[in-house]
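Engineer: give me the fold of what follows.
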Amino acid sequence: MRKSTAKPGSPRLPIKLSEAAKKRPQSASLPIGALYTWKEISEYAGRGIRTLQRWEHEFGFPVQRPDPRNKSAVVSSRREIDEWFRTRPLLSTMSGPKVLRDSPAKDLTANAHRLEIEARRLLNCSMQMNENLRKAIDLAKRRRSS
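Structural biologist: Modelled structure (predicted):
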């Protein structure tokens with residue numbers, strides 16, 4: 001039996017919620033087709049809750065946390081989940097499908113390589129512009145002195 005939080009001597013009022021009050025509020029900021037609990041997300045995705053939580057951590061499964069301090073509160077949308085499944089390659093094996101994705105280290109290495117190439121290109125452009133500027137200054141000095 002639950003302990004009462006009411007102060008001694010205060011009357012207890014029966015609280016009956018209307019059907020409208022029991023429904024979740026639909027705000028403009030929440031996605032259409034929103035799923036509000038791990039259970040709803042799990043039922044829609046056809047996977048276990050723990051599996052989806054692991055996929056969130058390891059593979060970026062699309063869930064948002066409205067309050068970062070409350071790790072259990074999650075929101076997702078059917079559209080985001082469908083898109084996530086559509087863009088992830090599956091590998092069929094005897095034990096069932098496994099989700100494949102490059103590791104974060106590979107992603108970071110590829111990004112670092114692209115940035116290095118872009119930095120070299122920018123350095124070459126900068127050196128070329130510096131050389132052109134030096135030539136223009138020399139030409140202007142020669143014209144003034146003659």
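Engineer: roughly how far apart are I137 and K106?
Structural biologist: Between I137 and K106 the computed distance is 47 Å (Cβ to Cβ, to the nearest Å). Just so you know, the C-beta spots here come from the backbone N, C-alpha and C atoms, and that holds for glycine as well.
Engineer: got the contact list for stretch 36-55?
Structural biologist: Applying Cβ atoms under 8 Å, 6 or more residues apart in numbering, the contact partners of stretch 36-55 are R24, L35, F61, V63, S72, V74, V75, S76, R78, I81, F85, V99.
Engineer: ends of that stretch, what's the gap?
Structural biologist: 17 Å (Cα to Cα, to the nearest Å).
Engineer: tell me where the model's unsure across the protein.
Structural biologist: 1-32, 89-103 (pLDDT under 70).
Engineer: per-domain residue ranges of it.
Structural biologist: 31-99, 102-146 (automatic domain parsing).
Engineer: so of the ones you listed, which one's packed in deepest?
Structural biologist: Mean neighbour count (mean count of other Cβ atoms under 10 Å) peaks for domain 31-99 among the domains of the chain, with a mean of 14.
Engineer: tell me which of the contacts of stretch 36-55 fall in helices.
Structural biologist: Members of the contacts of stretch 36-55 lying in helices (criterion: DSSP state H): R78, I81, F85.
Engineer: quick check, nearest of those to H57?
Structural biologist: I81 (16.1 Å; Cβ to Cβ).
Engineer: what segments of the protein are helices?
Structural biologist: 19-22, 38-45, 49-59, 78-87, 104-145.
Engineer: would you mind giving those helices as TSV with distance to P68 added?
Structural biologist: Listed next are those as TSV, based on distance: least, Cβ to Cβ, whole Å:
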stretch	distance to P68
helix 19-22	27
helix 38-45	16
helix 49-59	14
helix 78-87	18
helix 104-145	20
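Engineer: that older thread, want to try CSV for the contacts of stretch 36-55, with distance to I41 as columns?
Structural biologist: Shown next, in CSV, are these (distance: Cβ to Cβ, whole Å):
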residue, distance to I41
R24, 14
L35, 5
F61, 9
V63, 7
S72, 12
V74, 7
V75, 9
S76, 5
R78, 9
I81, 7
F85, 12
V99, 16
